[in-house]
Structures are given as C-alpha cells and as structure tokens.
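> Fold the stuff below for me.
(one chain, ligands or ions: 1)
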Amino acid sequence: MIEQNVKTLLKEIPEFNKFGEKITLVAAVKLQSAESINRAVKAGVTDIGDNHVQEFREKYQLICGEPKRHFIGRLQTNKIKYLLGKVDLYHSVDRFNLAEELSKKSAAAGIVSNILIQINAGNEQTKGGFSPEETCDAYEVIKSLPALNVRGLMAMLPFTDDEAELYRLATLMRQKFETLKSVDKNIEYLSMGMSGDWKICIDCGSNIIRLGTTIFGARNYDK
Ligand SMILES: *Cc1c(COP(=O)(O)O)cnc(C)c1O
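Okay, here's the model as predicted:
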C-alpha cells in the first residue's frame, strides 16, 4: 500500500538531522507507473527522482501535483536536452564531461542548473562518481563552470549489511560535505541513503534520502 507506506515513512523520518538541517524525502520512481507515482504524491511525497530519461519523458505530462523533480540516474550527455529546465536538482554529476556538457547546454538555454557532485563512497568498480579523495578537486573544477550551481554532494554507498562500514563511509561523506560547506554558502545538500540504509545515513548527517522500495515495494524488472 503506497499511501500507508508514505504515511508511515513521513512519521518515521525526523524533520531535521542532528545538524538542524531539514530532511527531504525523494521518492525514487524508476519502473513505477505514473499512477503509482501520483498516489505517492497525493499521500504527501513532495519530491520525486528519476533514473532513466526515457521514463522521465514518457511520464512527464502524467505527473500531478507538481512535485519537485530530481534526476538521480546515470545521465548520457546526448540526453541532457530532454531534461533541461525540467529538473530542479541533478544528483548524479559523476564525471567532468557530463558537468561540462550540462553547463554548456544550460548556458545555451539561458538557465543555471542545480547539481550535486556524485561520490562513489566505497570506490566500487560497478558505480560511477568521483572517489571521496577527489571530492575537493572535482568541486573546484565543476564550480568554475558558468551555468551550474553546485549545491552539494550525492553519495553512493555500497550494498552491504556491514553497519560499521556504512557508518564509516557515511561519516566520511559528511566530513567532505562539511569541508565544502565551510567555503561555499550554496552548499546545502547531502543526498545519501536508500531503503536499506537511510536511518544510518540520517544519523550521520544526510539531509536528502532517496527511497524506492520502502514506498513502492520491490521493483518489477520484467516489465
Ligand atoms: C533506485 C535508486 C534508489 C532507491 O533504491 P531503493 O533501495 O529501492 O530505495 C536511490 N538512489 C538511486 C540512485 C537509485 O537508483
């Protein structure tokens, strides 16, 4: 039950993290029907995040209630044009050429795009993003691009039951975030936490969590 899941979650998620920052729930909507997404929005979800450009386009006109739009998936540069001006926050800027193209196309459209720099917290081969050690260098380069507004970091954590390791990596990400925040007042968001680890992430200072399964149930990849 989507409505019940949302209600339970909104009660369970604290309003603020321990740093006094407001916590935002983003519904991860990959593979969900427009109908399911609209039910979540009606039940109180204010922000939704897409992974696939094709799905984003197919459902764009069908989403009701004007939720804030996030893009959280791997983005090919040739598909930026379909998202320009329609995404409030890009979480998944995971490489320099994507940042450059997004800036170039945003400038051509006369807009500034809000982005997060994606960090591959566990340095996993299967995941994109900069390594934690590269955070500050990546920030310096991307910050210099004219039509991007860097708003923070998005962390990809490993899928693991090892809570100590998750705490270690989430704390490391919070430290990287603090470092940027101390020099740039536009740095506001640390997007970290999925269905399996969001409580740990909030404990460590995340202020955006991206939940799919907890809201919609297990995804059906056969469709
Ligand atoms: C699918 C996805 C999520 C949500 O995953 P769940 O485990 O279903 O909560 C969060 N972030 C990204 C980038 C995703 O692709």
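> Doesn't N114 lie inside a strand?
Yes: assessed by DSSP: H, G, I helix; E, B strand; the rest coil, N114 belongs to a strand.
> Just confirm it contacts L89, I think it does.
Yes: here N114 lies in contact with L89, judged by CB atoms under 8 Å, at a distance of 4.8 Å. In this view, the C-beta of every residue, glycine as well, is placed from N, C-alpha and C.
> Report the set of residues contacting both of the two.
R151 (CB atoms under 8 Å, 6 or more residues apart in numbering).
> Counting neighbours, go ahead and name the busier of these two.
Neighbours per residue, other CB atoms under 10 Å: of N114 and L89, the larger number sits with L89, 24 against 20.
> check contacts around the more buried one.
Contact partners of L89, counting by CB under 8 Å, 6+ apart, are K68, R69, H70, F71, N114, I115, L116, R151, Y189.
> pLDDT below threshold where in the chain?
Counting by pLDDT under 70, the ranges of the chain that qualify are 223.
> Apply 80 and report the result again.
Applying pLDDT under 80 to the chain flags the ranges 222-223.
> so where do the strands sit in it?
When assigned using DSSP state E, the strands of the chain occupy the ranges 24-28, 47-50, 68-71, 89-93, 113-120, 148-156, 189-191, 208-211.
> Just put those in CSV and tack on distance to the ligand.
CSV is the format used below for the strands of the chain (distance: least, CB to the nearest ligand atom, whole Å):
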stretch, distance to the ligand
strand 24-28, 4
strand 47-50, 7
strand 68-71, 10
strand 89-93, 7
strand 113-120, 9
strand 148-156, 7
strand 189-191, 8
strand 208-211, 4
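> what's the longest helix along the chain in contact with?
Using DSSP state H to define each element, the chain has its longest helix at helix 163-181. Contacts to helix 163-181, defined as CB under 8 Å, 6+ apart, come from residues 119, 121-122, 132, 135-136, 139, 150, 152-153, 155, 157-158, 160, 187-188, 190, 192, 197, 200-201, 203-206.
> same deal with stretch 97-104?
Where contact means CB under 8 Å, 6+ apart, the residues beyond stretch 97-104 that reach it are 75, 77, 80, 90, 93, 113, 115, 141-142, 145-148.
> Out of those residues, which end up buried?
Restricting those to buried positions leaves L75, I80, Y90, V93, S113, I115, I142, L145, A147, L148, with burial counted as 16 or more other CB atoms under 10 Å.
> buried sites along stretch 116-131?
Those buried within stretch 116-131 under the rule 16+ other CB under 10 Å are L116, I117, Q118, I119, N120, A121, G122, K127, G128, G129, F130.
> Kindly report the same for stretch 87-105.
If you call a residue buried by 16+ other CB under 10 Å, then stretch 87-105 has these buried ones: 87, 89-95, 98-99, 101-105.
> In contact with F19, which residues?
G205, N207.
> Backbone dihedrals for it, please?
Here the main-chain torsion angles of F19 (degrees, to the nearest 10) amount to phi -100, psi 10.
> Pull the most distant pair out of the buried residues of stretch 116-131.
Considering CB to CB, no two members of the buried residues of stretch 116-131 lie farther apart than L116 and G122, which are separated by 17.6 Å.
> Give me the spatial nearest neighbour of the residue nearest to the spatial centre of the chain, chain neighbours excluded.
The chain has H91 as the residue nearest its centroid, 4.1 Å off, counting by CA atoms, centre = their mean. Beyond its immediate neighbours in the sequence, the residue positioned closest to H91 (CB to CB, 6 or more residues apart in numbering) is M154, lying 4.0 Å away.
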